[in-house]
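Visitor: Sequence first, then the predicted structure:
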Amino acid sequence: MRDVMMEKVGIYRKGPAMAEAVARIAALREEYRAARAQDPSRGFNTDALEILELGNLLDLALITAASAQAARRAAAATPGGLPAAR
């Protein structure tokens, strides 16, 4: 997830890369559904906390990537379009 976000949804964003990021993060979210805690304790279970954190991070990554993709499409559709690439 970190690599996908850094490489495809970083500071310099390109449409095809963001589409790949959205697809990859969606696939990671599907894989996440199979994650199970290995620690059976009922007390302070760090495995369960890490799984919950991962789920939240995947949700936020997908929202960020999809929003960036939508913003880029919206900017491209405005009169004047996107600024020239550097």
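Guide: On my side now, so go ahead. Numbering: from 1, shown residues only.
Visitor: Would you indicate which residues of the longest helix anywhere in the chain are buried?
Guide: As assigned by DSSP state H, the longest helix anywhere in the chain is helix 46-77. In terms of neighbour count (16 or more other CB atoms under 10 Å), helix 46-77 has its buried residues at 51, 57, 58, 61, 62, 65, 66, 68, 69. All C-beta spots, glycine's among them, are computed from the backbone N, C-alpha and C.
Visitor: how about those residues, which pair is most distant?
Guide: The distance between the two most remote of the buried residues of helix 46-77 (CB to CB) is 27.1 Å, for 51 and 69.
Visitor: pLDDT value on the residue minimising distance to the centre of the chain, please?
Guide: Among the residues of the chain, residue 61 comes closest to the average C-alpha position under CA atoms, centre = their mean, at 2.6 Å. According to the per-residue confidence, residue 61 scores 95 in pLDDT.
Visitor: Contacts only, for it.
Guide: Applying CB atoms under 8 Å, 6 or more residues apart in numbering, one finds that residue 61 lies in contact with 1, 4, 5, 9, 25.
Visitor: what do you get if the cut-off is 6 Å, keeping everything else the same?
Guide: 1, 5, 25 (CB atoms under 6 Å, 6 or more residues apart in numbering).
Visitor: does the second one count as helix, strand or coil?
Guide: State at residue 5, reduced to three classes by DSSP: H, G, I helix; E, B strand; the rest coil: helix.
Visitor: Count the residues that sit near it.
Guide: 17 (other CB atoms under 10 Å).
Visitor: Apart from its neighbours in sequence, what residue is nearest it?
Guide: Counting by CB to CB, 6 or more residues apart in numbering, residue 5 lies nearest to residue 61, which is 5.6 Å off, once chain neighbours are set aside.
Visitor: roughly how far apart are the one you found and residue 18?
Guide: Noted for residue 61: a distance of 12 Å to residue 18, by CB to CB, to the nearest Å.
Visitor: Could you do residue 64 as well?
Guide: When distance is defined by CB to CB, residue 64 is 10 Å away from residue 18.
Visitor: ok, now residue 58?
Guide: For residue 58, the distance to residue 18 - CB to CB - is 16 Å.
Visitor: I am finished for the moment; much appreciated.
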